[in-house]
Every structure is written in structure tokens, then in C-alpha cells.
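> Here is my input; please provide its structure:
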Amino acid sequence: MAWRNGCYDEVGHSKPLFLTIYIVVIIGIVFSSFYIFSAIYSSNPLASSSFSSISYNNPHLTDATPNISQLATVHTVPTTSPGPQNVWPKPIWDVPSHDKKMPPLEDFRLTKTLVQERVKDNVIIVTFGNYAFMDFILTWVKHLTDLGLSNLLVGAMDTELLEALYWKGVPVFDMGSHMSTVDVGWGSPTFHKMGREKVILIDSILPYGFELLMCDTDMVWLKNPLPYLARYPTADVLTSSDQLIPTVVDDSLEIWQEVNGAFNIGIFHWRPTESAKKLAKQWKEMLLADDKIWDQNGFNDIVHRQIGPSVDDDSGLVFAFDGNLKLGILPASIFCSGHTYFVQAMYQQLGLEPYAVHTTFQFGATEGKRHRLRGAMLFRDPAEYYNPPGGFFSFKPNIPKRLLLSGEHTVESHFTLINHQIKQIRTALAIASLLNRTLVMPPLWCMNDRLWYPHPGVLEGTMTRQPFLCPLDHVFEVNVMLKKLPEEEFGPDIDIREYSILDNPSLQPEVRNSWLDVKLCKEGSQDCDASNNTTVGGLLKFPKRSSEETFVKVFSSFKDVKVIKFSSVQDAFTGFTNKDREDKFRNRVKRYVGIWCCVADHPGHIYYDMYWDEKPEWKAIPPQTSEDDHPPW
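The predicted model follows:
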């Protein structure tokens with residue numbers, strides 16, 4: 001006390017210069033003391049910033065976190081690295097030198113320092129996944145870098161993915177999840193574990209003070225979203241949704257009072273505000289306390305604890321959660337779901353530019369997601385994908401105008417249109433199998449939508465047009481078509497590609513320039529001679545109703561041609577000569593088609609049948625008994 005009083009007396013009688021000196025000295029002492037105590041305190045693992053991942057074998061989680069389920073393990077990570085940790089000094093895609101060793105795993109721990117290396121304008125863009133989704137992750141990164149964005153990070157849930165991404169020059173961090181490297185499947189326990197990892201990740205990054213754009217791996221960016229997000233600087237959270245009916249016709253936020261679709265957590269933006277951090281913490285605690293809650297349902301429940309009123313008259317933001325959180329719902333027309341992009345093409349009809357597409361509202365599991373993105377030419381594939389062994393077989397589908405444009409849009413007209421296409425695809429699959437070529441699936445036209453619940457064919461209020469180009473997974477089981485089936489039971493594999501592959505810029509010139517057009521002709525007409533395998537002007541005339549032997553004889557001369565395209569496959573092939581091969585082919589392709597949903601009559605679905613035309617009694621009706629409720633195998 002005497003020292004302090006002496007200082008005050010001395011200051012009181014000194015000139016202004018000495019007053020300034022004394023103040024500077026005192027401030028320096030205070031800050032030095034603070035730094036020393038901070039360093040001591042940060043050595044305590046419980047006091048440091050941390051990233052949590054879920055473990056089912058943690059006996060230590062308890063007293064420090066009495067309100068959190070024992071499913072959580074806290075992986076302690078200091079906010080500042082104890083040593084050099086800049087593992088990303090190079091631009092994205094700049095591959096590390098292979099004469100160097102892989103950095104130690106601890107260098108990839110999530111820390112504020114590691115995130116700060118990638119942040120730009122205080123924003124970090126993050127996704128995460130396991131090795132099974134590496135191609136999705138590379139596609140996600142490629143779209144962002146093509147847009148000129150490099151402020152991104154990928155969370156690796158297994159070491160295999162972390163190492164693979166590192167050697168490809170993709171900024172990655174270790175989530176400490178010890179996740180399986182295989183595709184876990186929607187709704188599985190591991191799927192729900194992945195969802196909890198997302199919540200834990202958000203709760204870990206927000207305290208660093210950066211804006212976080214959190215994304216699922218099964219979405220791609222089509223336009224730089226950051227200027228759009230910056231239009232709403234007061235928003236705490238901006239979320240995508242499963243809204244199917246547009247509430248706005250421009251690029252403004254959805255009108256929250258009219259949104260009836262769930263908030264979708266596959267694309268959402270968080271600012272590091274107190275309200276957002278509070279929401280993330282409570283959401284995490286909710287999920288860790290009950291492993292049966294789906295992360296998205298939990299988010300919707302907690303945000304809807306209070307919804308309204310509007311923040312103001314103009315922005316579209318709404319108070320939610322605790323009454324203080326300012327929430328905005330991104331327009332589904334341009335932050336697209338799988339339905340608004342692939343089925344409704346809402347952005348096209350409204351004349352808008354889409355920012356993103358998320359492969360929701362789809363069928364065929366993960367393979368269905370890939371196929372949709374490939375069809376839209378949005379997926380990143382290696383060069384060999386565009387140049388398969390044996391080459392491609394393609395055909396132009398024949399669809400009469402009356403099936404597309406005449407009559408009412410009913411269940412019957414839908415099946416009449418689809419069955420007409422199925423029959424041609426069945427023939428094309430047989431020819432592709434016979435020629436050992438990869439079949440380019442044609443674009444598919446539908447009258448009615450496919451969903452999981454009863455509806456009148458097209459959801460009222462949506463912008464779905466009839467007819468519309470529908471995703472292949474609306475009719476075909478894409479995951480079955482791409483699965484390796486035992487050859488002894490199902491015959492040779494028949495590889496397929498999306499309808500747009502021959503228009504894809506990634507198609508190599510040697511494939512694009514190696515092309516044979518084939519036109520079906522009536523046998524006996526001019527130049528329609530199966531024994532003549534020469535072409536006239538790049539066109540080969542080929543007899544209708546040709547046998548297996550004729551196909552093999554003629555097209556063996558064109559094995560080096562990369563693309564063979566038929567003008568039509570109607571009545572092109574009479575069938576396999578070998579009955580065993582025919583039976584195995586039938587056994588295979590019967591499994592390629594699924595169900596159409598929905599009709600009001602129980603059980604609410606109708607099975608497609610690959611061989612519907614061989615059953616005179618076939619009708620587009622649901623199974624009449626429980627015994628009949630099975631695929632027509």
C-alpha cells in the first residue's frame with residue numbers, strides 16, 4: 001500500500017512526461033502478469049479450447065460435464081500449437097513433395113491456429129466425412145477452388161482420408177473420430193454418430209471467433225455464396241431448408257411464416273455471436289444426452305422453441321430459439337435441394353442463378369447421389385471414368401408425342417410413358433451386355449413425382465411440370481445397377497453411365513472423335529446387309545430384329561470404336577441364343593426397377609416391372625394383398 005501511495009504522490013508532482021512513463025510501466029507490469037498466468041492456466045487440459053468427438057468407451061467423462069451424455073470424449077487441443085504447425089503453406093491442390101514424410105498426426109489437430117491459416121475475411125468453409133466419401137469431398141473442394149475460394153477445411157473422420165487428402169494438397173484436419181472407412185448408410189447408428197460430430201465441430205469452431213459456413217459432403221457450390229451471406233450481417237444463423245413450395249420468386253430469404261419444410265442442416269452459415277454459440281452448445285448437449293435424436297430433428301426442435309416475430313420489415317430474418325437468435329432461411333430456389341434442382345428446376349423457371357445443390361430428396365443411396373451429380377455434370381471423376389474398357393453403347397430413345405403431350409396426367413398415363421421407355425432400356429441393356437460395352441442411360445421422362453409418402457402425383461404448389469425430365473432413381477434402383485452381382489447367378493456385369501456423359505467437357509478427344517452412328521433398317525432394303533460391315537459417311541445401316549450372332553459378327557469389326565450410337569433400339573435385338581445367359585440376364589435386370597409412389601390405395605405404391613409387356617394382365621395398380629406386395633422377380 002505504501003508503494004502504491006508513493007507512486008501516486010510521485011505522479012502527482014511530476015511533469016506530464018513522467019506521468020506518461022509511469023502509466024506505460026504500470027500497464028506493462030499488468031500485461032506481463034496476465035501473460036504468465038495465462039500460460040500456466042493453458043497448460044491445464046480442462047482449461048484449453050477443445051474439439052470433442054464421440055466415443056463409446058470413455059470412463060473419464062463425468063464430473064466436469066455433469067449435463068453431457070457419456071457418449072462424448074473431449075480431445076484436448078491448445079488454442080496455440082506448442083510448436084511449428086503450419087502444414088498448409090501451399091495453395092490448394094499443390095501436392096506436397098513425396099520425398100518428405102507425412103507430418104505427425106498431432107499437427108492436424110483442430111486448433112484456432114490451424115483454422116486461422118485458412119480463414120479469409122473472417123470466414124471458414126468446412127465439410128467433413130470418411131474415406132468412403134472422398135470423391136464427394138474432392139468434388140466439393142474442386143467447385144470451391146474453381147470459384148476462387150480457398151478459405152476451406154475438410155475434417156477427416158479416419159486416418160485413411162486424412163492422409164489421402166494431405167497428399168492431394170487439400171487442407172484437412174483430424175476429427176479424432178476413428179470412423180469406419182466404408183459408406184455407413186442413411187439412418188444407421190454410424191450415420192447418427194456422424195451427425196453428432198457435425199454439432200460438436202460447430203460448437204468447437206465458433207469460440208475461435210470466425211464465421212462458419214458448414215456443409216455436408218453431398219452438396220456442391222455452383223456460385224460464390226459469401227457475397228450473398230454478407231447481405232445479412234445481423235443474422236446469427238442462415239440455414240437451408242426442405243421447402244418445396246417457393247415463398248419468394250427472387251433471391252431474397254424465404255418468408256419464414258410460409259415455410260413448412262424442415263430446416264436442413266446440410267448447408268448453413270453461423271456467425272460467432274453469443275446467441276449462435278448458445279444455440280450450438282445446447283444443441284450439442286441435447287444430442288449427446290439422447291443418442292436416438294436425429295441431429296436435424298434436434299436442430300429443428302430447439303430452433304422452434306420460439307419462432308417469431310420478424311426482426312424487421314425488410315430482411316426476412318426472424319427471432320428464434322431463445323427469442324434473441326436472428327435466423328434466416330435461405331431460398332430453396334437457389335440454395336437447392338435435390339427436389340428443387342433436379343425435379344422442379346425451380347431456379348430455371350424463376351430465371352435465377354443457383355448457388356448450391358444438395359442431393360436430398362433422392363433414392364438409390366449414395367450411388368443415386370453420385371449419379372444425379374454426374375447427370376448434371378457436377379461430379380469430379382478420374383479420366384478413366386470417361387473412357388471405360390470396351391467403349392460406350394448409346395441410343396436415341398423413341399417417345400411418341402402422344403405419350404408426352406396428349407391426355408390427362410394420371411397414374412395410368414405415367415406408367416404408359418415409363419413402360420414404353422423401360423422396354424427400350426431393357427433392349428439396350430441386352431445389347432450393351434452382348435457387345436461388352438458401357439450403356440449410356442437415356443434421359444428419362446416422367447409424368448409423376450416419386451416421394452416417400454402419399455401424394456397426388458405432383459405436390460400442389462410446387463413448380464413441377466408435367467411431363468418432366470426425372471432423375472434415373474425415380475424409376476431405376478441405381479445402387480443395384482452399379483452393384484457387383486454374382487456372375488454365376490446374374491450373368492456378366494453391365495456398366496452404365498449418366499445420360500449426359502457424351503456431352504461432358506471431361507470426355508477425352510480420343511473418345512469424342514471415335515464415333516459410329518448406327519441406323520436400323522429393314523432387312524433387304526438398300527445397303528441394309530448384315531454381312532456388309534462397311535460404313536457410308538460414318539453411318540452404318542443395321543437390320544432390325546438381328547440375332548446375337550449377327551450383332552457379334554458385325555460389331556466385332558468396330559471394337560476399337562469408342563462410341564456406338566443407335567438411332568433406335570426398338571425391335572433391334574431378338575434375344576440371346578443361349579438360354580442360360582438369357583435367364584441370368586433376366587434375373588439381373590428384373591432387379592433394376594423399383595416402385596412408384598404414391599397412390600392413395602393401400603399400400604401406396606406400384607411396382608415397376610421390367611417385363612411388363614410379357615404379361616397381358618399387367619395393370620398399373622398397387623398390390624392387392626400382402627402376399628403380392630413384393631417386387632415382380
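
> Tell me which residues touch residue 309, please.
318-319 (C-beta atoms under 8 Å, 6 or more residues apart in numbering). The way it works is simple: take the backbone N, C-alpha and C, and place the C-beta from them, glycine included.

> three-state assignment of it?
Counting by DSSP: H, G, I helix; E, B strand; the rest coil, the backbone at residue 309 sits in strand.

> ok, and what's touching stretch 404-412?
Here stretch 404-412 makes contact (C-beta under 8 Å, 6+ apart) with 413, 417, 445, 447-448, 457-458, 466-467, 599, 606, 620.

> same thing with stretch 364-384?
132-133, 135-136, 138-139, 142-143, 183, 185-186, 218, 220, 222, 338, 341-342, 357, 359, 362, 471-473, 476-479, 482-483, 497-501, 503-506, 508.

> for stretch 270-288, which positions count as buried?
Neighbour-count burial for stretch 270-288 flags 270-273, 275-280, 282-288 (criterion: 16 or more other C-beta atoms under 10 Å).

> I'd like to know which of those residues are part of strands.
Judged by DSSP state E, the subset of the buried residues of stretch 270-288 located in strands is residue 270.

> In helices, which of the buried residues of stretch 270-288 appear?
Applying DSSP state H to the buried residues of stretch 270-288, the entries found in helices are 275-280, 282-288.

> What is the nearest of those to residue 437?
Nearest to residue 437 out of these is residue 287 (C-beta to C-beta; 48.4 Å).

> For residue 320, see how far away that closest one is.
Relative to residue 320, residue 287 is positioned 18 Å away (C-beta to C-beta, to the nearest Å).

> again, but for residue 378
Distance from residue 378 to residue 320, by C-beta to C-beta: 32 Å.

> just the helices in the stretch 151-300 of the chain please.
159-167, 189-205, 226-230, 274-289, 295-303 (DSSP state H, counting those that start in this stretch).

> Same list, these, but as a markdown table with distance to residue 408 please.
Shown next, in a markdown table, are those (distance: least, C-beta to C-beta, whole Å):
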| stretch | distance to residue 408 |
| --- | --- |
| helix 159-167 | 51 |
| helix 189-205 | 41 |
| helix 226-230 | 41 |
| helix 274-289 | 47 |
| helix 295-303 | 38 |
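
> need these in JSON lines with mean pLDDT, can you?
Below are the helices of the stretch 151-300 of the chain laid out as JSON lines (pLDDT from 0 to 100):
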{"stretch": "helix 159-167", "mean pLDDT": "96"}
{"stretch": "helix 189-205", "mean pLDDT": "78"}
{"stretch": "helix 226-230", "mean pLDDT": "98"}
{"stretch": "helix 274-289", "mean pLDDT": "96"}
{"stretch": "helix 295-303", "mean pLDDT": "96"}
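
> and residue 95, how many neighbours?
Burial of residue 95 is recorded as 11 neighbouring residues (other C-beta atoms under 10 Å).

> what sits against it?
Each residue near residue 95 by C-beta under 8 Å, 6+ apart is listed here: 167-169.

> and with 10 Å instead?
166-170 (C-beta atoms under 10 Å, 6 or more residues apart in numbering).

> In these, find the pair that's most separated.
Going by C-beta to C-beta, the pair spanning these furthest: 167 and 170, at 9.0 Å.

> between the contacts of stretch 404-412, which has the most around it?
Within the contacts of stretch 404-412, most neighbours by other C-beta under 10 Å means residue 448, with 27 neighbours.

> Dig out what residue 539 forms beta bridges with.
Residue 539 forms beta bridges with residue 517, residue 536, as assigned by DSSP bridges.

> Would you check that my belief about it contacting residue 564 is correct?
No. Using C-beta atoms under 10 Å, residue 539 makes no contact with residue 564, being 11.8 Å away.

> list residues touching both of those two?
Common neighbours of residue 539 and residue 564 (C-beta under 10 Å, 6+ apart) are 516-518.

> among those, who's most crowded?
That'd be residue 518 among these, by other C-beta under 10 Å, with 23 neighbours.

> So what's the residue count around residue 465?
Residues near residue 465, counting by other C-beta under 10 Å: 12.

> Quick check: closest non-adjacent residue to the most centrally placed residue in the chain.
Residue closest to the mean C-alpha point of the chain, counted by C-alpha atoms, centre = their mean, is residue 218 at 1.4 Å. Of all residues not flanking residue 218 in the chain, residue 359 sits nearest, at 4.7 Å (C-beta to C-beta, 6 or more residues apart in numbering).

> and the one you found, backbone torsions?
Phi and psi for residue 359, reported as degrees, to the nearest 10, are phi -80, psi 60.

> For it, give me its contacts.
Each residue near residue 359 by C-beta under 10 Å, 6+ apart is listed here: 136, 216-220, 266, 336-338, 341-342, 366, 368-373, 376, 378, 471.

> what stretches of the stretch 1-150 of the chain score poorly on pLDDT?
Residue ranges of the stretch 1-150 of the chain with pLDDT under 70: 1-89.

> quick one, domains of the chain?
Domain assignment for the chain by the TED database gives 105-341, 366-629.

> what's the straight distance from one end of the shortest one to the other?
Spelled out, that is domain 105-341. Domain 105-341 has its terminal residues 40 Å apart, counting by C-alpha to C-alpha, to the nearest Å.

> cool, the longest one as well?
When the termini of domain 366-629 are compared using C-alpha to C-alpha, they are 26 Å apart.

> where's that domain relative to the chain centroid, distance-wise?
25 Å (C-alpha atoms, centre = their mean, to the nearest Å).

> Report the rounded mean pLDDT for that domain.
For domain 366-629, the mean per-residue pLDDT is 94.

> show me the contacts for residue 529.
By C-beta under 10 Å, 6+ apart, residue 529 lies in contact with 521, 523, 541-543, 554.

> Just the buried ones out of those, please.
Here, 16+ other C-beta under 10 Å leaves 521, 541-543, 554 buried among the contacts of residue 529.
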